[in-house]
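>>> I need the structure of the sequence given here:
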Amino acid sequence: MSLETPRDLFKHELSDALSAEKIIRTMLKQVIKETKLPAHRDAFAHHLEETEQHIANIEAAFKELGEKPERMVCHGAEGLKEEHASLKKEKPTGHVLELGLLGGASKTEHYEIASYQGLVQMAKDLGEPKVAALLQKNLDQERAMATKVETLAKAVGKDARVAAMSAAATR
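Down below sits the predicted model:
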């Protein structure tokens, strides 16, 4: 597809977001299995449910536009997936594992936030308020998850600091 009009670009970017959500859905399923902390597992499981809704919202946006998504692979999400695979190869445990998973989740959420901010604005600019509203829902949930991930990471960081100080004191 050639990108000649703003609408062409919007459809392309919306297709990219759909691909990203599907890649992230797969990553979330892995992260749920990898995390050792119930609160983290619950947060990731909840976001997996939201991700399923994000996919449905994007599909509804295409329907509203009277368009079909392009077949494509989101290179940004693929890169995040590769980073996750690289982390797993290092076989982190304990706090390091949890901080690594949360760091990856934070990068992913911020990537999605940036994507949805652009998509919402493009939908508004193209005079597609129903599409903008669907994408705004996704954006709001991504922002909430980014905040949740930040809160969880702060708690793990604090626990790691306390554990390190205890270990140093017993030496």
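>>> Just name whatever secondary elements the strand or helix carrying Ala144 is in contact with.
In the assignment (DSSP states H and E), Ala144 maps to helix 129-169. With contacts defined as 3 or more C-beta pairs under 8 Å, 6 or more residues apart in numbering; DSSP states H and E, the packing partners of helix 129-169 are helix 38-65, helix 94-125. C-beta coordinates here come from the backbone N, C-alpha and C atoms, glycine included.
>>> Where does pLDDT dip in the chain?
Residue ranges of the chain with pLDDT under 70: 1.
>>> so Phe163 touches His95, yeah?
Quick fix: residue 163 reads Ala, not Phe. Yes - if you go by C-beta atoms under 8 Å, Ala163 and His95 touch, sitting 6.7 Å apart.
>>> Give me the more crowded residue out of those two.
Between Ala163 and His95, His95 has the larger neighbour count (other C-beta atoms under 10 Å), namely 15 against 12.
>>> separation between the residue nearest to that one when sequence neighbours are not counted and Gly94?
Distances taken as C-beta to C-beta, 6 or more residues apart in numbering place Ala160 nearest to His95, at 3.8 Å, with adjacent residues excluded. For Ala160, the distance to Gly94 equals 8 Å [C-beta to C-beta, to the nearest Å].
>>> go on, His54?
31 Å.
>>> Which one's more surrounded, those two?
His54 (27 against 12).
>>> circling back to that earlier point, output the helices and strands packed on helix 129-169 as CSV; include the columns distance to Gly76.
Putting the helices and strands packed on helix 129-169 into CSV (distance: least, C-beta to C-beta, whole Å) gives the following:
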stretch, distance to Gly76
helix 38-65, 15
helix 94-125, 6
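>>> didn't Leu135 look like it was pressed against Gly118?
No - with contact defined as C-beta under 8 Å, Leu135 does not reach Gly118; the gap is 9.6 Å.
>>> on that earlier part again, and the helix holding Ala144, how far out from the chain's middle?
Remark: helix 129-169 is offset 11 Å from the chain centroid, using C-alpha atoms, centre = their mean, to the nearest Å.
>>> Please find the angle between the direction vectors of it and helix 38-65.
Between the axes of helix 129-169 and helix 38-65, defined by axes from the mean of the first three to the mean of the last three C-alpha atoms, to 10 degrees, the angle is 160 degrees.
>>> how many neighbours does Lys124 have?
15.
>>> Noted, bye for now.
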